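Undergrad: requesting a structural model of the entry that follows:
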Amino acid sequence: MKDKPLIWRSVVILSAAALLIASIAILCTVLTPTIVRTKNGNVSILTWNLLAPMWVDRQAIRSRGIINMNLLNDEVRLRMVADRILAQAPDILHLQEVEEETFANLTYQLSSIYSPVVFAPNVNNYWIEYLRENQTYTKNGVATFFKKKKFSLLSHRTFQTSSQGNVALLAVLRWHRCFGVNSDLILLNCHLETGATQNKAATRIKQGNTIMEEIENEISRNNEHSSVAIIAGDLNTQSPYPGYRNFKKKMLLDAAEEVSKAPIPTYYNELPVAISHNNVTEWSDWVSIDHVFIRSVDKASGKIRVSSVNVPAIDSEDTSQESYINKLKRIFARDAKGSMPVKHVADKDQKRYMASAEDIAHEELKESKINRVLRLGSDHLPVIATLQIV
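TA: Modelled structure (predicted):
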C-alpha cells in the first residue's frame, strides 16, 4: 500500500510529459513554415479591359443621337462590371484601364469576396496623345484582385515596361493551407502599347522582354518554394503579329490554344486586321488581343495545365466561334470612319436583338437589355481561363 503514492506520482509525471510532448508537436505544426502539399487546385483568372472613363467621348456619342447609353454614366457602367464579375466569381481579377476612382469603386463593390493588390497607374501621362481636344487626361493603369478566402498576398511590385511610362503589376499569391496546393502564383497584369505601326510593334516586343525578365527574377527570388507564372492582360497583339510571336519565342503558351480553341474575339476593330490560326491567316474586323499565357516549362513539369478558356456568355450559353463574332458585332457595331456606334447601325442592331429577345416580357427590361448589348460595361469582352495548379 505504501507504493501507491509513488505509482500515482509516476502516472501524473508520465501524463504531464505526454501532454508536454503533444503540445510541442502541435506548436511545431503551427509554427513550421513549410509543409508537404500535393493536392491539385483549380484557379480561374479573369482579364478585362474596363474602358477608362476618360476615353468615353460623350460629345461624339450625343452628336450621333445615342443619349441613352450606359457609357454616359460611369457609376451605372461600373455596377454592370461589378455584377458581371460577381456573377462569374473568378478567383483572380486582372483589370486594365482602371482609374483611381474606378479602383476605389470596385474595391468597395467587391469587398465581400475580393482583396485588392494595388492600383498601378501608368506614369508620364502615358497615352495622352490619343485624347481628343474635349477630353481630359486622367491617370489610369492596371489593378489586380484576389479571393481573400483562397489566397494570401506574399508580395507585389510595379515596374515600367517602357520609357514612355507604361506600368505592369507583378503579384505573388500563396494558397491558404487548407487547399493543400504547393505552388505559389506569380501573376503579371499588363496593358501593352497600342497601335499598328512598326514602331509600336517594336515597343510591344521590348515590353514583352522586360516582363519576362521580371518574371524570371521573381522565380529566382522565390526558388525555395515551388511557383508557376501567369501573364494575363490586354496585350494589344495577336497571332501572327510580332508582339505575339515574341511571347511564343519566350516559351509562353496561349491558354486558348492549349484547349484547342480558335482565337477568341474580344474587341471590335474599325479596320480589318490579319488573324492567324492553325497556319491559316484571314482578315477580320474583330481581334483577339486579351490573353492569358502560361510558361511551357511549368506545363512540362506538371505544375499547371489549362482546363478551359471562355468569354462569359453575352445573351445565351452558346460559346461557338460564330456566336462570339455575331454577338461582338451586335455589341460593338461601328461605322468605318469613327470609333463609336452610329445611330442607324445601333438602331438596326437593337431591332435585330429585340427580335431574338423572346424571354423578355416588359418594355423596360427590353430597354435595359438593349443598353447592355450596345455596351457590355466596356468596349472589350472579359476572358476567363481556368487552370489546374499542383
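Undergrad: quick one: name whatever helix or strand follows the least confident helix or strand in the chain by mean pLDDT.
TA: One helix or strand of the chain scores below all others by mean pLDDT, DSSP states H and E: helix 363-374, with a mean of 41. For helix 363-374, the following helix or strand on the C-terminal side (DSSP states H and E) is strand 383-389.
Undergrad: residues in contact with that next one?
TA: 40-48, 88, 90, 175, 181, 183, 185, 228, 230, 232, 255-256, 264, 266, 290-292, 294, 303-312 (CB atoms under 8 Å, 6 or more residues apart in numbering). Just so you know, the C-beta spots here come from the backbone N, C-alpha and C atoms, and that holds for glycine as well.
Undergrad: repeat that for stretch 118-125.
TA: 98, 100, 103, 137, 139-144, 156, 158, 160, 164-169, 189.
Undergrad: try 6 Å this time
TA: Outside of stretch 118-125, the residues within contact range by CB atoms under 6 Å, 6 or more residues apart in numbering are Phe103, Tyr137, Lys139, Gly141, Val142, Ala143, His156, Thr158, Gly165, Asn166, Val167, Leu169.
Undergrad: now do stretch 295-313
TA: With CB under 6 Å, 6+ apart, stretch 295-313 has contacts from 88, 183, 228-229, 251, 253, 255-256, 258-259, 261, 264, 294, 319, 381, 383-390.
Undergrad: do stretch 127-147 as well
TA: Against stretch 127-147 from outside (CB under 6 Å, 6+ apart): 52, 54, 59, 91-99, 103, 113-117, 119-122, 125, 167, 169, 171, 173, 189, 191.
Undergrad: ok, and for it, which residues are buried?
TA: Trp127, Gln135, Thr138, Asn140, Gly141, Val142, Ala143, Thr144, Phe145, Phe146, Lys147 (16 or more other CB atoms under 10 Å).
Undergrad: between the two ends of stretch 292-302, what distance do you get?
TA: Stretch 292-302 has an end-to-end distance of 18 Å (criterion: CA to CA, to the nearest Å).
Undergrad: for stretch 247-260, that is, sorry about that
TA: End-to-end for stretch 247-260, by CA to CA: 18 Å.
Undergrad: tell me the buried residues in that stretch?
TA: Neighbour-count burial for stretch 247-260 [16+ other CB under 10 Å]: Phe247, Lys250, Leu252, Leu253, Asp254, Ala255, Ala256, Glu257, Glu258.
Undergrad: narrow the residues you listed to those in strands?
TA: Counting by DSSP state E, those place Leu252, Leu253, Asp254 in strands.
Undergrad: if we can go back for a sec, quick check on the contacts of stretch 127-147: which are buried?
TA: By 16+ other CB under 10 Å, the contacts of stretch 127-147 give 52, 54, 91-99, 103, 114-117, 119-122, 167, 169, 171, 173, 189, 191 as buried.
Undergrad: now the helices for this structure?
TA: 4-31, 58-63, 74-88, 100-109, 198-221, 242-249, 255-258, 296-300, 321-331, 343-356, 363-374 (DSSP state H).
Undergrad: now what about the fourth one, what contacts it?
TA: Which is helix 100-109. By CB under 6 Å, 6+ apart, the list of residues contacting helix 100-109 reads Leu78, Ala82, Pro116, Phe119, Ala143.
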